[in-house]
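Asks: Based on what follows, work out the 3D shape:
(one chain, ligands or ions: 1)
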Amino acid sequence: VLAEACARAGHDIGDATDALSLLQRWDEVEPTLRAVSTRLDELFAAGLQTHPLDRLASPIPRPGKVIAIGRNYAEHARELGNDVPDEPLVFAKYTTSVTGPFDPIPRPGFVTDLDYEAELAVVIGRRGMDITEASAYDHVLGYCCANDVSARTAQMATGQFVRGKSFDGFCPLGPAIVTRDEVADAEQLRIMCRVDGETRQDSSTSLMMFGIATLVAHCSAATTLEPGDIILTGTPPGVAMGRTPPPWLQPGQLCEVEIEGIGRIANEVVAG
Ligand code: MG
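Replies: This next block holds a predicted model:
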């Protein structure tokens with residue numbers, strides 16, 4: 001639809017018709033997309049067809065990197081008995097864990113302690129290495145909601161978080177990328193998680209210890225950030241592991257993450 005809309009409006013975006021290839025050519029295609037978006041009503045009236053969606057995929061189905069930040073809200077560090085880190089605690093999730101905003105979260109048969117973590121995801125739009133804090137936002141395309149789903153025993157078993165954070169379906173993202181210009185201050189957003197409608201996390205991104213500019217600078221030190229890379233900025237307090245007894249996610253439950261101004265994702269836990 002996007003390619004056809006551009007063609008009908010007299011623009012050629014070539015083969016940049018999926019999210020990642022659009023982002024890789026963002027500076028070139030953004031003026032076209034903005035121009036075409038103002039003419040959509042006219043284009044639909046002139047016969048442009050939409051196609052029904054049976055599933056909304058992740059806005060970046062296969063990012064180059066999913067960088068995650070641990071213990072970035074002091075209250076969350078404390079609820080798990082951890083010290084507050086002196087520098088961002090960086091780990092990664094396999095990119096195959098990424099899934100759509102309304103896709104199921106499979107709970108592996110060997111997992112009994114499945115947990116949720118509502119997080120603001122920062123989407124990188126412009127390539128860079130050794131990015132300064134002052135220019136960090138120039139590299140940010142926008143934001144989406146994420147759930148840093150965690151299998152706690154697998155996460156903690158060896159001191160390396162990656163395995164228990166990376167099972168298939170453990171990184172729902174979406175529902176869409178809200179571009180930076182549409183968010184007045186990404187560090188002043190209410191962030192919530194609900195399980196079957198019960199509020200489990202209700203906080204504010206203002207409580208992040210390391211802010212977005214600091215995280216972009218830190219994560220890009222000697223490391224190239226590329227368009228479509230994701231930085232998960234950490235979770236506020238209220239995870240199951242911090243409660244007594246822990247209300248672990250169970251098959252059949254619906255887990256929602258909602259961030260003010262960004263949207264809402266909702267994922268059913270299924271036996272996997
Ligand atoms: Mg997390």
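Asks: What ranges does the stretch 151-272 of the chain have for its helices?
Replies: Ranges of helices within the stretch 151-272 of the chain are 152-156, 162-165, 212-219, based on DSSP state H, counting those that start in this stretch.
Asks: Number of residues surrounding the residue of the stretch 151-272 of the chain found nearest the ion?
Replies: Nearest to the ion, among the residues of the stretch 151-272 of the chain, is residue 235, at 4.6 Å (CB to the ion). For every residue, glycine as well, the C-beta is placed using N, CA and C. By other CB atoms under 10 Å, 29 other residues sit near residue 235.
Asks: Which residues of the stretch 51-200 of the chain lie near the ion?
Replies: 117, 148 (CB under 5 Å from the ion).
Asks: coming back round to it: most tightly surrounded among the helices of the stretch 151-272 of the chain?
Replies: Mean neighbour count, computed with mean count of other CB atoms under 10 Å, is highest for helix 212-219 among the helices of the stretch 151-272 of the chain, reaching a mean of 20.
Asks: What is the burial count for residue 139?
Replies: Residue 139: 22 neighbours (other CB under 10 Å).
Asks: And for the one 10 residues further on?
Replies: Here the neighbour count serves as a burial measure; for residue 149 (other CB under 10 Å) it reads 27.
Asks: Roughly how far does it sit from residue 237?
Replies: 17 Å (CB to CB, to the nearest Å).
Asks: in the chain, which helix has the most residues?
Replies: helix 26-37 (DSSP state H).
Asks: mind checking how far that one is from the chain centre?
Replies: From the chain centre to the centre of helix 26-37 is a distance of 23 Å (CA atoms, centre = their mean, to the nearest Å).
Asks: just stretch 16-27 next, same as before
Replies: Worked out by CA atoms, centre = their mean, stretch 16-27 lies 18 Å from the chain centre.
Asks: What residues sit buried inside that stretch?
Replies: Across stretch 16-27, burial judged by 16 or more other CB atoms under 10 Å covers 16, 19, 20, 22, 23, 24, 26.
Asks: Let me have those in JSON lines, extended by pLDDT, secondary structure and distance to residue 211.
Replies: Shown next, in JSON lines, are the buried residues of stretch 16-27 (pLDDT from 0 to 100; DSSP: H, G, I helix; E, B strand; the rest coil; distance: CB to CB, whole Å):
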{"residue": "16", "pLDDT": "74", "secondary structure": "coil", "distance to residue 211": "32"}
{"residue": "19", "pLDDT": "82", "secondary structure": "helix", "distance to residue 211": "26"}
{"residue": "20", "pLDDT": "86", "secondary structure": "helix", "distance to residue 211": "26"}
{"residue": "22", "pLDDT": "86", "secondary structure": "helix", "distance to residue 211": "27"}
{"residue": "23", "pLDDT": "87", "secondary structure": "helix", "distance to residue 211": "23"}
{"residue": "24", "pLDDT": "86", "secondary structure": "helix", "distance to residue 211": "27"}
{"residue": "26", "pLDDT": "84", "secondary structure": "helix", "distance to residue 211": "23"}
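Asks: from memory residue 121 sits against residue 144, does it?
Replies: Yes. If you go by CB atoms under 8 Å, residue 121 and residue 144 touch, sitting 4.9 Å apart.
Asks: Can you pull the residues that touch both of the two?
Replies: Shared contacts of residue 121 and residue 144, defined by CB atoms under 8 Å, 6 or more residues apart in numbering, comprise residue 173.
Asks: I'd like to know how many residues surround the residue in the stretch 1-150 of the chain that the ion sits nearest to.
Replies: Taking CB to the ion, the ion has its nearest neighbour within the stretch 1-150 of the chain at residue 148, 3.4 Å off. The number of residues packed near residue 148 is 28, by other CB under 10 Å.
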